[in-house]
Each structure stands twice: as C-alpha cells, then as structure tokens.
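> Okay, predicted coordinates and the sequence, questions at the end:
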Amino acid sequence: MKRKIIVKIICLIVITICCVSCSGTGNNGNYPYEPATPSPDPHEGVFVSEYGEMIFNGDGKSITVKIHGELCDLMELEEGEYSGTYVFLSGNLPPNGSVEVRYDVAHELKLELDVNDTSYVKVFDVGLAADDGSTGTVGVDIVTAERIPLLFSDDSHFFDVIFTKND
C-alpha cells in the first residue's frame, strides 16, 4: 500500500516538473506566431491607394503619409502630408496586448506622426474585406512586400484601403 502511494507521489512530481519545464520560465503569456524563416526586408518606396500614399525609406521605422478623400475621415486627420514612424503589431494577445512583430504576421499597423507639432498615435487593423463586406480577414501574409491593406468597419460592414507598391 505504501509503495502505491510513493509511486503516485513520484508520478505527480515528475508530471509537475515536466509541465513547468515545458511551459518555459520566461513565457508569461500568449506570444505571436513567428515563422521559422528569415524576417522579410522592411518596406521601401512608395505605396499608393486611391486615397493617398505611404512612403517608406527602408529603415523599418520612418514613414511619410500623404492622405486625401475618405481616408482623412477614417484616419481622423486633415488632408495633407505627415512624417513620423511606424511599427507592425501582433494584435491584442492577452495578457500582454499588442507587441511588435514582422509585417508578414501582423494584425495591426501603428503610426506615430507629427501633426502640427503634436504627436498623433493611432493603431489600424491590417486586413482584407470580403467582397460583400460581411467579414474581414487578418493574419499571416495579409501584409506583403507589395501590399499593405488597412481594414476598417462601419456598422458591421467591412471595407479596406489597399496600398500597393508603385514600382
């Protein structure tokens, strides 16, 4: 009888050790997917849409945004040209929130722009809307080296503004 109890205790200890070692001591939350491939080069050049341009200098940080038309309302900015920085984010991953990721697995684009000597910070979903606007898709390979789609919704109707590289 004592032997069965000792065996059970040893099994519980082994299971506990395995669970702790498998979870990793530094993993305190949900982390974004990272492909087992090299990171893609940062965006470089001019990306255009019918409502403006995003100009990347290739350093993975700085951006110039030129907007007009309906995009002004969506971005809550006046028509014009703005300089600043950008970062691609994972989307909300509890408990850590959005974290910086490669653009090919991003769910969000964060812009920090200088608007009349005031800092403008806004996070946009990146994704594609279905043709009928009933759904929006975000996730792996939505943002590519040639395409950056911003996803918006209005009264449960999804639509996108797609910026494509202008060669």
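Structure's in. What do you need?
> Give me the spatial nearest neighbour of residue 47, chain neighbours excluded.
Spatial nearest neighbour of residue 47, chain neighbours left out: residue 163 (3.8 Å); criterion: Cβ to Cβ, 6 or more residues apart in numbering. Where C-beta positions appear, they are placed from N, C-alpha and C, glycine not excepted.
> Same question for residue 159.
Per Cβ to Cβ, 6+ apart, closest to residue 159 is residue 129, 5.1 Å.
> residues near the residue nearest to residue 165 when sequence neighbours are not counted, how many?
Ranked by Cβ to Cβ, 6+ apart and with sequence neighbours excluded, the top spatial neighbour of residue 165 is residue 146, at 4.7 Å. Residue 146 has 11 neighbouring residues, counting by other Cβ atoms under 10 Å.
> thought residue 146 was touching residue 166?
No - at 10.0 Å, residue 146 does not count as touching residue 166 under the criterion of Cβ atoms under 8 Å.
> secondary structure class for residue 73?
helix (DSSP: H, G, I helix; E, B strand; the rest coil).
> Tell me how far it lies from residue 55.
Noted for residue 73: a distance of 21 Å to residue 55, by Cβ to Cβ, to the nearest Å.
> Looking at the two, which one has more neighbours?
The residue with more neighbours, out of residue 73 and residue 55, is residue 55; 18 against 10, by other Cβ under 10 Å.
> Just the C-alpha atoms of the helix or strand harbouring the more buried one, please, in CSV.
Residue 55 is part of strand 52-57 when elements are defined by DSSP states H and E. Output of strand 52-57 as CSV, limited to C-alpha atoms (Å, rounded to 0.1, in the frame of the first residue of the first chain):
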residue,chain,number,x,y,z
GLY,A,52,-3.1,58.6,-50.7
GLU,A,53,0.4,57.3,-50.3
MET,A,54,2.7,55.8,-47.7
ILE,A,55,6.4,56.4,-48.4
PHE,A,56,8.8,54.1,-46.6
ASN,A,57,12.6,54.8,-46.6
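> Thank you, goodbye.
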